[in-house]
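>>> From the sequence below, what's the structure:
(one chain, ligands or ions: 1)
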Amino acid sequence: MWLFAFFATIGILANTINVTQAKFDYNCNLTAKGSPKFPDSFSFGVSTAAYQIEGAWNEDGKGESIWDDFTHKFPEKMDDRSNGDIAADSYHRFDQDLAALKELKVTHYRFSIAWPRIYPTGDISSKNQKGIDYYNMVINKLIANGIEPLVTIFHYDLPLEIQKIGGFANPLIINMFVTYAIELFENFGDRVKIWNTFNEPFDYCKPGYADANYPPQVNAHGVADYLCMDHSLKAHAAAYRTYKTKYYEKQRGKVGITVSSRFFFSHTNDQEAISRGMQFNLGFLIHPIFSKTGGYPPAMVETINRNSLKEGRVSSRLPKLDGRWRELIKGSSDYLGLNYYTSRYIKRASKPNGENPSWERDYDSDAYPDETWVRGKPDWLYCVPEGLEGILKYIRDHYGNPEVIITENGWSDDGDPEDDDRIHFIKAHMQAVLNAVNDGCNVTGYTVWSLLDNFEWQKGYTHKFGLYALNITSPSRERTPRKSAKYYRRVIETRTLPSIS
Ligand code: NOJ
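Numbers count the residues shown, from 1 in each chain. Purely as a prediction, here's the structure:
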């Protein structure tokens, strides 16, 4: 009887594994088109962010960020009541990260600098040399090991003191950000040649200033989120122009911004619905920067103006981008950083969505997944590699084929060391990139999110995105390569996408 139960369980397990595998092979796969090899100049990397890995939240003079404040005051808002106080402890254990980077053989490493480590209050008057020393150490060790640093200047962790004066709702943020960026150009620009001003503004502006899920928990739908986007865009452009006029001649680096976006499909070939989806998502920030005309996307300008007047306002909730700012923003990026995770089908909304007013109400679209798509641990993450190929071609065709670096792409699960699903996801998405490159898209790099498991914002440490498992309960925070780490290394070594064994 016991023996029977044992074999039956093994049988069921094997079946489940087979089913998942088959599903992946079938539904998270992309046919190769063109050369099987990535160009020699193509760069392969992994990505992390300061608050998600560094820990040492109050050490060596670091100031408090809005995420320190939020996780300490509202632990119940994280699924596991956790925070980034220690995280992967990369502040003390960068050598462990470096060992993993070397083992992977990546050609670049994307990490972010914690603004409150450099300026604890956010202001130049609080400059903290120990913070500068830490990043000098990181950058020097990367370069000594032939790994190019790709540095994100801001990845969600705003100094709390800046929030007290309104954060991204206050136009003062523009000058404060430029002052901080100058500090980084001055200290690190001799070695850092790829700067990334902002990571995913939509993803801190909307949850932070509209939905109130993220700090600063402002609930001003369709107003403060738009203001936050506008100020982020202006701060980006101002930092870009400063670099070009004051630093480029000596430092010869590139400055870009990272946006996140999904691609959209239509079951009824409704091109207008697709175009609306692209304008309200990808286009929100990249239309002002990469389009010929500049300014916010026409569908957003028109709808938000119309809705605002209907609501009895005297002007649009979407700030106007004209005159000097429009010109300063247009063309203000040497490359586009793209974080791509998933896609959706889209149609015009059957009934009003969201609150009045809100981005959802203005968007006036229903976006939904295809039921055959394979889903990861997060409820939003479906494997749709054809969406990545689609969005890259869309960027090529609508925005003048700028240089694109995929700054994030990744899969999250419960932490299986034999993470075949992640391997399938990465292989399929890299195939999408390769197909796009073979079709003339100017994509020059690909970056896996993430090097190692880390603090996944409100999901805490329950969602694992790492090529390396992080032992979060051990004081020495060991990093252990998953099967996907070994696969990614083979990709990098061969510049091809080997079949999965
Ligand atoms: C994008 C964000 O930049 C990063 O911080 C986050 O962990 C990943 N997406 C996964 O959700």
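
>>> all contacts plus neighbour counts: C-alpha atoms, from now on.
Fine.

>>> Distance check, residue 269 against residue 310.
31 Å (Cα to Cα, to the nearest Å).

>>> same check, this time on residue 401
Taking Cα to Cα, one finds residue 401 at 38 Å from residue 310.

>>> so what's the residue most central in space within the chain up against?
In the chain, the C-alpha nearest the mean C-alpha coordinate belongs to residue 339, at 4.5 Å (Cα atoms, centre = their mean). Applying Cα atoms under 8 Å, 6 or more residues apart in numbering to residue 339 gives the contacts 200, 258-261, 406-409.

>>> switch the cut-off to 10 Å
By Cα atoms under 10 Å, 6 or more residues apart in numbering, the contact set of residue 339 is 199-200, 258-262, 388, 405-410, 446-449.

>>> Then residue 396?
By Cα under 10 Å, 6+ apart, the contact set of residue 396 is 390, 402-404, 436, 439-443.

>>> What residues of the host helix or strand of residue 96 count as buried?
Element membership of residue 96 [criterion: DSSP states H and E] is helix 90-104. By 16 or more other Cα atoms under 10 Å, the buried positions in helix 90-104 come out as 90-91, 93-94, 96-98, 100-102, 104.

>>> and of the residues you listed, the nearest to residue 428?
The closest of the buried residues of helix 90-104 to residue 428 turns out to be residue 104 (Cα to Cα; 19.0 Å).

>>> What pLDDT does the model give the nearest residue to the closest one once chain neighbours are set aside?
Excluding the flanking residues, the one nearest residue 104 by Cα to Cα, 6 or more residues apart in numbering is residue 489, at 4.8 Å. Residue 489 is assigned a pLDDT of 98 by the prediction.

>>> pretty sure residue 489 is in contact with residue 103, am I right?
Yes. Between residue 489 and residue 103 there is a contact at 7.6 Å, judged by Cα atoms under 10 Å.

>>> follow-up on the earlier one: put the alpha carbons of the helix holding residue 96 into PDB.
Output in PDB follows, covering the C-alpha atoms of helix 90-104 (Å, rounded to 0.1, in the frame of the first residue of the first chain):
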ATOM      1  CA  SER A  90      25.300  43.900  -0.600                       C
ATOM      2  CA  TYR A  91      26.700  47.000   1.100                       C
ATOM      3  CA  HIS A  92      28.900  44.700   3.100                       C
ATOM      4  CA  ARG A  93      29.000  41.800   0.700                       C
ATOM      5  CA  PHE A  94      29.600  43.300  -2.700                       C
ATOM      6  CA  ASP A  95      32.400  40.800  -3.200                       C
ATOM      7  CA  GLN A  96      29.800  38.000  -3.100                       C
ATOM      8  CA  ASP A  97      27.900  39.800  -5.800                       C
ATOM      9  CA  LEU A  98      31.100  40.300  -7.800                       C
ATOM     10  CA  ALA A  99      31.900  36.600  -7.600                       C
ATOM     11  CA  ALA A 100      28.500  35.800  -9.100                       C
ATOM     12  CA  LEU A 101      28.900  38.400 -11.800                       C
ATOM     13  CA  LYS A 102      32.300  36.900 -12.700                       C
ATOM     14  CA  GLU A 103      30.900  33.400 -12.700                       C
ATOM     15  CA  LEU A 104      28.100  34.500 -15.100                       C
END
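
>>> what helices or strands is that helix leaning on?
Helix 90-104 is packed against strand 43-47, helix 50-53, strand 108-112, helix 129-144, strand 479-481, helix 483-494, with contacts defined by 3 or more Cα pairs under 10 Å, 6 or more residues apart in numbering; DSSP states H and E.

>>> I'd like to know which of these lies nearest to residue 318.
Shortest distance between residue 318 and the helices and strands packed on helix 90-104, using Cα to Cα, is found for strand 108-112: 29.1 Å.

>>> what mean pLDDT does that closest one have?
99.

>>> So in that sheet, which strands flank it, and in what orientation?
Strand 108-112 sits in its sheet next to strand 43-47 (parallel), strand 148-154 (parallel), going by DSSP bridges.

>>> what does stretch 473-484 rub up against?
With contact meaning Cα under 10 Å, 6+ apart, stretch 473-484 is reached by 86-90, 92-93, 96-97, 99-100, 103-104, 415-427, 451-453, 466-472, 490, 500.

>>> quick one: secondary structure of residue 312?
Assigned by DSSP: H, G, I helix; E, B strand; the rest coil, the conformation of residue 312 is coil.

>>> From here on, call the first residue 10.
Sure, I'll start numbering at 10, so the last one becomes residue 321.

>>> can you pull the pLDDT of it?
pLDDT for residue 321: 98.

>>> My guess is residue 42 contacts residue 441. True?
Yes. At 9.1 Å, residue 42 and residue 441 qualify as touching, with contact defined as Cα under 10 Å.

>>> Residues that sit against both of those two, list them.
Contacts common to residue 42 and residue 441, judged by Cα under 10 Å, 6+ apart, are residue 447.

>>> The two: who's more crowded?
Neighbours were counted for residue 42 and for residue 441 using other Cα atoms under 10 Å; residue 441 has more, 26 against 14.

>>> So for residue 410 and residue 319, which sits in the more crowded spot?
Neighbour totals were compared for residue 410 and residue 319, and residue 410 leads with 18 against 10 (other Cα under 10 Å).

>>> any idea how far residue 344 lies from residue 404?
Here the criterion is Cα to Cα. By it, residue 344 lies 12 Å from residue 404.
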